[in-house]
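[1] Take this sequence and fold it.
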Amino acid sequence: MRSNYASRVATILVLVTMTATIGGARPHKHGQKAWVRFLANSTLIRSTWAQNEDTYLAQVEFRRDDEKILVRLVDAYPNETVPLSIDMLTADAGTVLRVVRDRRCDRPYGEMSLRTAPGDTMAILLQPLHYRPHLNATPAPDAILPCYRTVR
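    Numbering: from 1, shown residues only. Prediction:
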């Protein structure tokens with residue numbers, strides 16, 4: 001009787017430990033709040049049956065006293081969800097979004113196609129468009145832009 005009780009307690013302890021370990025191993029999916037100012041549209045991919053994906057060149061600031069960093073911002077969302085609003089994309093002061101870092105989509109600045117000004121509806125056309133945003137300092141073509149994804 002006593003060994004049966006001890007084995008039950010040991011089993012429960014093992015299960016609790018495994019659950020806590022597995023739960024703590026999951027990556028943080030909520031992202032972090034950031035002040036985002038959109039500088040250019042890159043690619044806008046629209047799909048009827050799959051995810052839509054919009055990519056932007058943006059300035060991101062995580063705290064008001066932090067420096068602004070130039071990033072590649074990817075907004076992926078289901079077909080039935082609306083894209084970011086024109087007001088968000090064109091706000092001079094920027095907008096607050098939740099973002100999460102994704103190192104897998106980092107790209108050199110020179111490889112990023114900058115098609116139009118943020119919010120410009122011409123960006124959905126298939127023809128090649130070229131846009132030069134107003135930047136204080138243009139990065140070197142081989143400078144890596146860190147990639148962030150919006151959290152919806």
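
[2] Mind naming the longest strand for this structure?
    Using DSSP state E, we find that the single longest strand of the chain is strand 32-45.

[3] Now the element after that strand, going C-ward?
    strand 52-61 (DSSP states H and E).

[4] What are the buried residues along that following strand?
    52-60 (16 or more other Cβ atoms under 10 Å). C-beta coordinates here come from the backbone N, C-alpha and C atoms, glycine included.

[5] Then stretch 109-126?
    So, applying 16+ other Cβ under 10 Å, buried residues of stretch 109-126: 109, 112, 114-120, 123.

[6] out of these, what pair is the most spread apart?
    109 and 119 (21.3 Å; Cβ to Cβ).

[7] how far away is residue 34 from residue 105?
    Using Cβ to Cβ, to the nearest Å, one gets 16 Å for the distance from residue 34 to residue 105.

[8] returning to what we had before: of the buried residues of stretch 109-126, which belong to strands?
    Per DSSP E, those never map to strands.

[9] hang on, the earlier thing: biggest separation within the buried residues of strand 52-61, which pair?
    Maximum distance among the buried residues of strand 52-61 (Cβ to Cβ): 23.1 Å, for 52 and 59.

[10] residues contacting the closest residue to residue 94 other than its chain neighbours?
    Nearest residue to residue 94, sequence neighbours excluded (Cβ to Cβ, 6 or more residues apart in numbering): residue 37, at 3.6 Å. Residue 37 makes contacts with 58-59, 68, 91-95, as judged by Cβ atoms under 8 Å, 6 or more residues apart in numbering.

[11] follow-up on the earlier one: reformat the buried residues of strand 52-61 into TSV and put distance to residue 72 and pLDDT next to each item.
    As requested, the buried residues of strand 52-61 are arranged in TSV below (distance: Cβ to Cβ, whole Å; pLDDT from 0 to 100):
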residue	distance to residue 72	pLDDT
52	17	95
53	12	95
54	11	95
55	6	96
56	8	97
57	7	97
58	8	98
59	12	97
60	10	97
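
[12] just these now: which is nearest residue 136?
    Using Cβ to Cβ, the buried residues of strand 52-61 come closest to residue 136 at residue 59, 9.8 Å.

[13] so what's the closest one bridging to?
    As for beta bridges, residue 59 partners with residue 37, residue 70 under DSSP bridges.

[14] which ones are touching it?
    Contacts of residue 59 by Cβ under 8 Å, 6+ apart are 36-37, 39, 68-71, 94.
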